[in-house]
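Colleague: what's the 3D shape of this:
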Amino acid sequence: MKKTVFFAALFISTFIKAQEVKSEQALASSEEVQTSVEASDNEPHLKNLRQLTFGGDNAEAYFSFNGKKLSFQTNNPGFGLKCDQIYYMVIDEAEDNKIYQPMPVSNGEGRTTCAYYLPGDKKILYASTFKTGKDCPAEAPKNTGRYLWSIYSSFDIFISDEKGKILKQLTNSPGYDAEATVSPKGDKIVFTSTRNGDLDLYIMDIDGKNVKQLTHALGYDGGAFFSPDGTKLVFRASRPEGKDTVEYKEFLANGLVAPTNMEIYTMNIDGSDIKQITHLGKANWAPFYHPLGKKIIFSSNHHSQKGWDFQLWMVNEDGSGIEQITTESVFNAFPMFSPDGKRLVFSSNRNNNNTHDTNLFIADWKE
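Modeller: I've put the predicted structure just below:
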């Protein structure tokens, strides 16, 4: 499942809200930026970098199966939004077009997260709280001395067409159900749920049947993606120990989590052979497999003394050969390769005209 202390950047639903920025100001700022953005000389993997959104917090942009569209979530005040809603865009139409209007998918009620295309590129699954109320649910308390994220028990996973018609509700269990992604084989969905009292990963068939719990260790397991061949999963996880377990359980009992200490893990889709890939400390999250299946790209602040600076990194599947991918701005996350491996989409604070905005960027990927 969701960005100025950028620890709040861990998930878009808790990004620092630029509530003082009015819709007119957000739109005006978009007129002052260019769609073409120069990548740093220290970002040699990124070529032909383009900005796709202009205003608000935009994140979790994921390619359709044919690589031509992106589903994503945004709270852009220029669209009249107060909290995250699901949109999609046609990439070729959005590139080099600052006035391009992405299309809304969710109904504008409640809060949404984690949209992902289904095979056929006409249906999108996402999580929403709309069944429990039209208003945005309350955010996690601030100024507590801890970065906290709300685990909304009202999140359930739905399938919608691109015009917003709900076609099916996939989950209906008490507790949090969100962070769903689809196998490249088009047969399975992985998601995070609290149905057993902890934040664990589950897998189900594409129609929502045959739900199976995959992780059982205490801690937050989430943000899972399938390997290119559909046989493995990569995910983020916290593993509290000692007195930290008390705090973790107390937060979770109150619908909260403090996900500031996470590492990257992999496992088979049946839950076997769980391996910890990173041992970096701090927050390592938003992992995604390179299309060749041997490397993993992810976001991390392990290099940042104060923890505010999130950059993209790549590591071999065995944990060796870590390489920094981005260097610009203090927030880069939610990376995803196109199905053919030729492009990378991610969220970043770069080129935001000194606002709090987090926008979507796409680049040609150079090995």
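Colleague: show the backbone phi and psi for the residue most central in space within the chain.
Modeller: What sits nearest the mean C-alpha location of the chain, by CA atoms, centre = their mean, is Glu60, with 3.8 Å. For Glu60, the backbone dihedrals (degrees, to the nearest 10) come out as phi 50, psi 50.
Colleague: repeat that for Glu247.
Modeller: phi -60, psi -40.
Colleague: please renumber so the chain begins at 27
Modeller: That works, and once the first residue is 27, the last one we named lands at Glu273.
Colleague: and it, how far is that from Trp334?
Modeller: From Glu273 across to Trp334, the span is 22 Å (CB to CB, to the nearest Å). C-beta coordinates here come from the backbone N, C-alpha and C atoms, glycine included.
Colleague: quick one on the thing from earlier: my guess is the residue nearest to the centre of the chain contacts Cys140, does it?
Modeller: Yes. With contact defined as CB atoms under 8 Å, Glu86 reaches Cys140; the gap is 5.9 Å.
Colleague: okay, and the common contacts of those two?
Modeller: Gln99 (CB atoms under 8 Å, 6 or more residues apart in numbering).
Colleague: surely Asp118 forms part of a helix?
Modeller: Yes. Read with DSSP: H, G, I helix; E, B strand; the rest coil, Asp118 is one of the residues of a helix.
Colleague: neighbours of it, just the number please.
Modeller: Asp118 has 10 neighbours, counted by other CB atoms under 10 Å.
Colleague: can you give me every residue that contacts it?
Modeller: Lys94.
Colleague: against Leu96, how distant is it?
Modeller: For Asp118 relative to Leu96 (CB to CB), the value is 11 Å.
Colleague: swap in Glu289?
Modeller: Taking CB to CB, one finds Glu289 at 28 Å from Leu96.
Colleague: next one: Leu174
Modeller: Taken as CB to CB, the span from Leu174 to Leu96 is 29 Å.
Colleague: who has more neighbours, those two?
Modeller: Between Leu174 and Leu96, counted using other CB under 10 Å, the more crowded position is Leu96 (26 against 21).
Colleague: let's verify that one: helix, strand, or coil?
Modeller: Strictly by three-state DSSP, Leu96 counts as strand.
Colleague: who touches it in this structure?
Modeller: With CB under 8 Å, 6+ apart, Leu96 has these contacts: 78, 87-90, 114-115, 117, 371, 386.
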